[in-house]
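**Student:** Below are the sequence and a predicted model for it; my questions follow.
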Amino acid sequence: MSNFRTEEKGHVDDRDGGMYVIEQIDISDESDPEFQGGDEDISDVEDIRVDDEDLGDLNKLMLATKKPEELAATNKTTGKTKAEPKTVKRPEVIDDFFRNFLVKYQMGRTLDAFQQEWYELTQKGKIPMEELGQIPDIYLHYDRLTEDLQSYKSELEKAKIVAKKAKDTYDKLRKERDFHKMHHQRVQQEKKKLNEDIEKLKTIHMQFEAKYQELSNKYEAAMKEKMLLKLERDRLAVKIDGLQKSLTTLEDKLAKDAEVGGGGSKQTEQGKGQTEMKSMAAPTQTRKGKLTAFPPEERPNPWAASMFETYNAKNTILNKSFKGHMAPISGVAMHPKKSIVATASDDFTWKIWTIPNGELIMSGEGHKDWVAGVDFHPKGTHLVTSSGDSTIKVWDFLNASCMHTFKDHIQPVWKVVFNDTGDFILSACMDHTAKLFDLGALKSRYTFRGHVDSVNHVIFQPYSNIFASASADKTVSLWDIKSGLCVQTFYGHLNAVNHAAFNLKGETLASVDSDGVLKIWDIRMVKERAMYDSGPYAANSCAFDKSGNVIAIATDDGTIKLYGDLSNKVENILKGHEDAVQDVVFDLNSKMLVSAGSDAYFRVWQ
């Protein structure tokens, strides 16, 4: 009889959810001489050998490790079909159920006692293993259902939390939607109300605009009438003073003649009357026919030795703005004695204003095209204008009328200017020429030819017979009105020169061009002294302050750049115009700066 030792080996199977499994192993006693192996043992050895052979076969191992899908694909490709391997879970027996129960509740001593007594009875054959059976499926199914229930409860709690958050978010979004909807409705109501108010205001504005235009016309007519009355009053006052003086003289003479005799008195009165008529007629004949003599060349400049305070460029700000015309303002000029400025516009008119209040004093109509050039007589009694209709008009303030019209040019006239004596007028024309007009003889004296393109600007050197001309041929030339010759030409600009200006001492000339470049020329050394690029926009005009240390540059970008001649840099940039700035000028004391632009406004800066 064979003697076997039976050992119990216990381990926990992870695949079965941590259940305890005990395997029965029969071990033969090799030291027992009575041990004899049976057929069953031989078959086990053969199975082991077969397994070893399988391990040596690489193809079998590869087939064993392939997934079912890969294996099915391989069999389909090769045409072979093989049953797919399946895993079957062995039902749990009753003894294992008890063991797992004891392990689950950590009843170790009871487990040891159970195993010892169980295997003793098993070896003695007192427990029929075939009749024990297995654990009914209902218990296993109950355990699975219990686990699933716990899992579902956990997921349900999580789902409740997520649902609660979603509900809170939904309530929040709904409240926001209601708020925005209500706000949108309120905005729509306000918008509708504002549109109605705007329509009402537009209607009221149109009514006020018509009323304002009517009042403006009445105001301008009243101001014209007031100015004419004032001029008439001044003229009559002068006339009364002259008549009173004449009356006093006549009375004195009559008294003296009465002492001499009656006859001599009558002859004296007749002779006196004839003398007065001749004296009144003689100036008219001289003014219309006789040429005016040129001023002396060496006359002194009263500003040559004067020192003036430099204009405060850094602190300059916009003071007031006035809509002077219905079209762009092309030119501006300052009165030589009073705080009065004249403007010339594309609306065919010129106007005179007080500054800084901007009150309209007088306006003139008569040109048939835009008015570009304007300048005051040195005594302030006359005004000269130039126009696109190729004419130059001289206006008399005392008579409030056009004194004379010069029609010598054949193309538009850009600029006109008086000389320091007021006897001559200089013009710049698109026909490539500059002309000198004799105001006494009322005719053209000289035509200055030399430029090969339009002459855009002319300016007299202070208290001199020399004037400068700026041309579209990129040059600036100096001319002598007495000889009619060009005495010097300055080269250096790369585009059309639009404007030129002298300082009061007459020793420095500034010019600007369509590239926005400012050049400063030394007249005595006949060379360029400094250059500043204010581009890329065109520079239309420039002006010196009274000290000659600050130059104002009017540019097409709607700004005015104040350039310091001593510092060689821009001290300030004035912004206020809504379109190109066409002209700029300082007042008499360099306390204010007046600019005019294409936006039909002229502005006062302080």
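**Tutor:** Cool, got the structure.
**Student:** Give me the three-state assignment for residue 473.
**Tutor:** coil (DSSP: H, G, I helix; E, B strand; the rest coil).
**Student:** Do I have it right that it meets residue 452?
**Tutor:** Yes - the pair residue 473 / residue 452 is scored as a contact, 4.7 Å apart, by Cβ atoms under 8 Å. Yep, even glycine has a C-beta here, placed from its N, CA and C like the rest.
**Student:** Pick out whichever of these two has more residues nearby.
**Tutor:** More crowded of residue 473 and residue 452, by other Cβ atoms under 10 Å: residue 473, with 19 against 11.
**Student:** Contacts only, for the closest residue to the more buried one other than its chain neighbours.
**Tutor:** Excluding its sequence neighbours, the residue lying closest to residue 473 (Cβ to Cβ, 6 or more residues apart in numbering) is residue 453, at 4.0 Å. Residue 453 sits next to 432, 471-473, 496 when contact means Cβ atoms under 8 Å, 6 or more residues apart in numbering.
**Student:** and residue 333, what are its phi and psi?
**Tutor:** phi -140, psi 150 (degrees, to the nearest 10).
**Student:** Report the separation between it and residue 378.
**Tutor:** Using Cβ to Cβ, to the nearest Å, residue 333 is found at 12 Å from residue 378.
**Student:** more crowded one of those two?
**Tutor:** Per other Cβ under 10 Å, whichever of residue 333 and residue 378 has more neighbours is residue 333, with 25 against 15.
**Student:** Tell me where the model's unsure across the protein.
**Tutor:** Along the chain, the model assigns pLDDT under 70 to residues 1-93, 130-139, 258-289.
**Student:** can you pull out the helices in it?
**Tutor:** Counting by DSSP state H, the chain has helices at residues 39-56, 58-65, 68-78, 94-104, 108-124, 129-132, 137-260, 262-289.
**Student:** which helices and strands sit right next to the fifth one?
**Tutor:** Meaning helix 108-124. Packing partners of helix 108-124 (3 or more Cβ pairs under 8 Å, 6 or more residues apart in numbering; DSSP states H and E): strand 4-13, helix 94-104.
**Student:** what's stretch 470-480 in contact with?
**Tutor:** Stretch 470-480 has contacts (Cβ under 8 Å, 6+ apart) with 428, 432, 434, 448, 450-458, 461, 465-469, 485-491, 493-500, 509, 511, 513, 521, 523.
**Student:** And for stretch 456-464?
**Tutor:** So stretch 456-464 is contacted by 297, 299-303, 414-415, 417-420, 426-428, 434, 466-472, 478, 496-502, 504-506, 523 (Cβ under 8 Å, 6+ apart).
**Student:** Could you export it as PDB, CA atoms only?
**Tutor:** Output of stretch 456-464 as PDB, limited to C-alpha atoms (Å, rounded to 0.1, in the frame of the first residue of the first chain):
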ATOM      1  CA  ASN A 456       4.300 131.200 -54.900                       C
ATOM      2  CA  HIS A 457       5.300 134.000 -52.600                       C
ATOM      3  CA  VAL A 458       7.000 137.300 -52.400                       C
ATOM      4  CA  ILE A 459       8.200 139.300 -49.300                       C
ATOM      5  CA  PHE A 460      10.100 142.600 -49.000                       C
ATOM      6  CA  GLN A 461      13.200 142.800 -46.800                       C
ATOM      7  CA  PRO A 462      12.400 145.200 -44.000                       C
ATOM      8  CA  TYR A 463      13.200 148.800 -45.000                       C
ATOM      9  CA  SER A 464      14.900 147.800 -48.200                       C
END
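**Student:** ok now that stretch, how far from the chain's centre?
**Tutor:** Mean-position distance between stretch 456-464 and its chain equals 39 Å (Cα atoms, centre = their mean, to the nearest Å).
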